[in-house]
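K.L.:
with the input below, show me the fold.
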Amino acid sequence: MRKPLTSAFPSGHASAAAFTATILTAWDGRRSAPLWWTVAGTVATSRAYVRIHHASDVVAGMAVGTVLGMTAVRVLRRVGIS
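P.N.:
This is a model prediction of the structure:
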């Protein structure tokens, strides 16, 4: 198994997955939220599973992506894109 040489903190894949899940949940509705978050969780978990990232990198990436996604939703709604 491969062991990460650096922490690569936070995980970009996890961050992008959480960001996308947040945006899609906001626009597609809450009924599809489990689908989007399952996909995001799978992407994020796979990064630690294949030992490309530490678990802390993945958790931080999910947190960053979620916060950025929530911010993007608020900004887009404020400018009239919904």
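K.L.:
center of this protein, which residue is that?
P.N.:
The centre of the chain sits closest to Ala18, judged by C-alpha atoms, centre = their mean, with a distance of 1.8 Å.
K.L.:
could you say which helix or strand holds that residue?
P.N.:
In the assignment (DSSP states H and E), Ala18 maps to helix 12-28.
K.L.:
output the below-cut-off pLDDT ranges for the protein.
P.N.:
Applying pLDDT under 70 to the chain flags residues 1-7, 82.
K.L.:
against which helices or strands is the helix holding Ala18 packed?
P.N.:
helix 33-49, helix 55-78 (3 or more C-beta pairs under 8 Å, 6 or more residues apart in numbering; DSSP states H and E). (Each C-beta comes from the backbone N, C-alpha and C, glycine too.)
K.L.:
that helix: how far from the chain's middle?
P.N.:
5 Å (C-alpha atoms, centre = their mean, to the nearest Å).
K.L.:
and the contacts of stretch 35-51?
P.N.:
1-4, 11, 13-14, 16-18, 20-21, 24-25, 28, 53-55, 57-58, 61-62, 65 (C-beta atoms under 8 Å, 6 or more residues apart in numbering).
K.L.:
tell me which residues in that stretch are buried?
P.N.:
Using 16 or more other C-beta atoms under 10 Å as the test for burial, stretch 35-51 gives 36-37, 40-41, 43-44, 47-48.
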